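*Asks:* Build me a model from this:
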Amino acid sequence: MSIEVKNVTKIYGEQRALNEVSFSINSGNIVGFLGPNGAGKSTMMKIITCYLPQSEGSVKVCGFDVVDQPIEVKKRVGYLPEHNPLYPEMYVREYLEFIAGIHKIPNKQKRIDEMIDLVGLTIERKKKIGTLSKGYRQRVGLAQAMIHDPEVLILDEPTTGLDPNQIVEIRNLIKSIGENRTVMLSTHLMQEVEAICDQVMIINRGNIVANDKAENLRAFQNQQMIRVEFDKSVAPNMLKTIAGVTDVERVNDKTWLLGSASDKDVRQAVFAFAVEKELSVLTIQKEEKRMEDIFKKLTS
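*Replies:* Numbering: from 1, shown residues only. This next block holds a predicted model:
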């Protein structure tokens, strides 16, 4: 077990940021940690990485307690905070030498070369960090988080502020890194979770509201969606009269997402409704349940 969290509560003054949170993460998994702003994601990550003490409960990383054995935990954890704490006046290689020295890494020049190659910093290695694009600064942050070869990697919003090309690059990098170590990452990008994560945890108001594989979460939400486009605009209250329809979501004036129980196929009822209302159905198709829909339902 890489990470084991039991009944963790964190209180700031009168605010309860985490409320008896419990979960475990097995070795070798990439876990997406999702939640609205202020839900407790960063607080939980800071507790796991020994940056904050919990108010109650226990946390173990690779079998070591974060309160009683913080040095042993830090040896085994790499951490990239949401606000990447770099020294802009230092050169890339100079900065990595500094971090390698903190970790007392033997043969550090060889390890620095390996990290520069792994995260794709070769062409930027002689530049000052302050002159790099945000995408390359994130790569430097990943390099410092991994330079001591940690068993667990904690990434807080690793793709925030990146352009689409940079997001894909960092996403692919995280996926390759996760092949031989445990990765826990927080993000607001649902596509990112579906693309690279083995396990999904959703936290809301300090409580874990879901913890499972992405495909299992979709199956758990006992509902199917139908996307239908009519030739004319339709009022939502009319669509709610269709037999079997439980939810109505507007895409535009003529296109709607209709929810129904997973064992109900409402397409025939939709066609009957269209005939009755003298509408033409231009398109109708089943929609796969999106992680975004599940997230909205569990955190609204």
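
*Asks:* Give the helix, strand or coil label for the nearest residue to Gln199 once chain neighbours are set aside.
*Replies:* Leaving aside its sequence neighbours, Gln199 sits nearest to Val31 (CB to CB, 6 or more residues apart in numbering; 4.5 Å). Backbone N, C-alpha and C define where each C-beta goes, glycine included. Here Val31 is recorded as strand under DSSP: H, G, I helix; E, B strand; the rest coil.

*Asks:* What's opposite Val31 in the beta bridge?
*Replies:* Met184, Gln199 (DSSP bridges).

*Asks:* following the least confident helix or strand in the chain by mean pLDDT, which helix or strand comes up?
*Replies:* The helix or strand of the chain with the poorest confidence is helix 214-220; it has a mean of 67 (mean pLDDT, DSSP states H and E). Downstream of helix 214-220, the next assigned helix or strand under DSSP states H and E is strand 223-230.

*Asks:* buried set for stretch 140-157?
*Replies:* 140-148, 150-157 (16 or more other CB atoms under 10 Å).

*Asks:* Repeat that for stretch 198-214.
*Replies:* Those would be 199-204, 206, 208-211, 214, for stretch 198-214 by 16+ other CB under 10 Å.

*Asks:* and those, which two are the farthest apart?
*Replies:* Gly206 and Ala214 (22.8 Å; CB to CB).

*Asks:* Sketch out the helices for the stretch 51-200 of the chain, chain order is fine.
*Replies:* 70-76, 92-102, 108-118, 134-146, 164-177, 190-196 (DSSP state H, counting those that start in this stretch).

*Asks:* list the helices and strands the fifth one packs on?
*Replies:* What it means is helix 164-177. The contact analysis (3 or more CB pairs under 8 Å, 6 or more residues apart in numbering; DSSP states H and E) places helix 164-177 against helix 134-146, strand 182-186, helix 190-196.

*Asks:* can you put the ones you listed in a markdown table and add distance to Gly78 and mean pLDDT?
*Replies:* Shown next, in a markdown table, are the helices and strands packed on helix 164-177 (distance: least, CB to CB, whole Å; pLDDT from 0 to 100):
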| stretch | distance to Gly78 | mean pLDDT |
| --- | --- | --- |
| helix 134-146 | 4 | 91 |
| strand 182-186 | 9 | 93 |
| helix 190-196 | 17 | 81 |
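
*Asks:* Now tabulate these in CSV and tack on distance to Leu258.
*Replies:* Listed next are the helices and strands packed on helix 164-177 as CSV, based on distance: least, CB to CB, whole Å:
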stretch, distance to Leu258
helix 134-146, 40
strand 182-186, 33
helix 190-196, 21
